[in-house]
Each structure stands twice: as C-alpha cells, then as structure tokens.
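Visitor: Fold the following, please.
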Amino acid sequence: EGAVIARNRAGAQDIWRLNASTFYRVETNYDHWNPVPVSDDRRTPAVKGMEAIGREGVGVEGLLEVLQQWPVYNHHTDYTGVFAAWNGTYQSWTWRLAA
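Guide: Below is the predicted model:
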C-alpha cells in the first residue's frame with residue numbers, strides 16, 4: 001500500500017497510488033502529471049535508479065542509494081526524506097553545500 005498525495009490549499013489535488021504493476025512512485029520537485037523541465041530532470045534518473053535496485057533493493061539503504069546519486073541529488077537539493085510505512089521509518093536530511 002502507498003500513495004503520493006499532492007495537496008493544494010483546499011485539500012488533496014491528486015492521489016497517486018501504488019498498484020499491482022509498480023512497487024514505487026517517484027515524486028521530485030515537479031508534479032508527476034506535468035513534464036519535467038529539461039534543465040532539472042531528476043525524475044528520469046530516479047526512475048532508472050529504482051528500476052536498477054528492483055523490488056528486492058527497496059529499503060532505507062537502497063532508497064538512499066538512488067536519492068544520493070547525481071542528478072537526483074544535486075546542488076539544488078535542500079531536503080531528502082525516506083518514509084517507510086512497513087516499518088515506521090521516517091528519516092530526513094537537510095543538505096548544505098560545503099563552504
């Protein structure tokens with residue numbers, strides 16, 4: 001079970017659920033129903049990363065492996081979060097560039 005819920009000021013704008021054909025959803029800075037800008041496509045590499053680790057690789061470590069690879073993680077990345085309902089994991093990181 002799982003879903004990405006996109007909200008606006010009035011409530012849920014979109015609910016994007018997992019289904020039998022996919023084991024993940026990738027949500028980046030841009031709503032999944034809109035095309036990503038060519039100048040900041042983190043979605044395509046994240047999808048490729050998820051396909052590479054496969055269903056068996058999904059876990060905190062596997063997700064971080066995908067989320068910390070360039071360009072998913074880049075100089076515009078401020079925050080990364082991993083949330084896993086199956087075991088109650090909620091981990092988040094705020095990134096800062098080295099001075």
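Visitor: Could you list the residues in contact with the helix or strand of the chain with the lowest mean pLDDT?
Guide: Every helix and strand in the chain was compared by mean pLDDT, DSSP states H and E; the lowest is strand 79-84, with a mean of 86. Residues outside strand 79-84 that contact it (CB atoms under 8 Å, 6 or more residues apart in numbering) are 59-60, 63-64, 67-68, 73, 89-95. C-beta: built from backbone N, CA, C; applies to glycine.
Visitor: List the strands paired with it, with their directions.
Guide: strand 89-94 (antiparallel) (DSSP bridges).
Visitor: And the average pLDDT for the partner strand is what?
Guide: What strand 89-94 shows for mean pLDDT is 91.
Visitor: I'd like the mean pLDDT over the longest helix seen in the chain, please.
Guide: When the chain is parsed with DSSP state H, its longest helix is helix 43-53. Confidence for helix 43-53, expressed as mean pLDDT, is 96.
Visitor: Touching that helix from outside, list them.
Guide: 24, 26, 28, 30, 32, 36, 58, 62, 65-67, 69-72.
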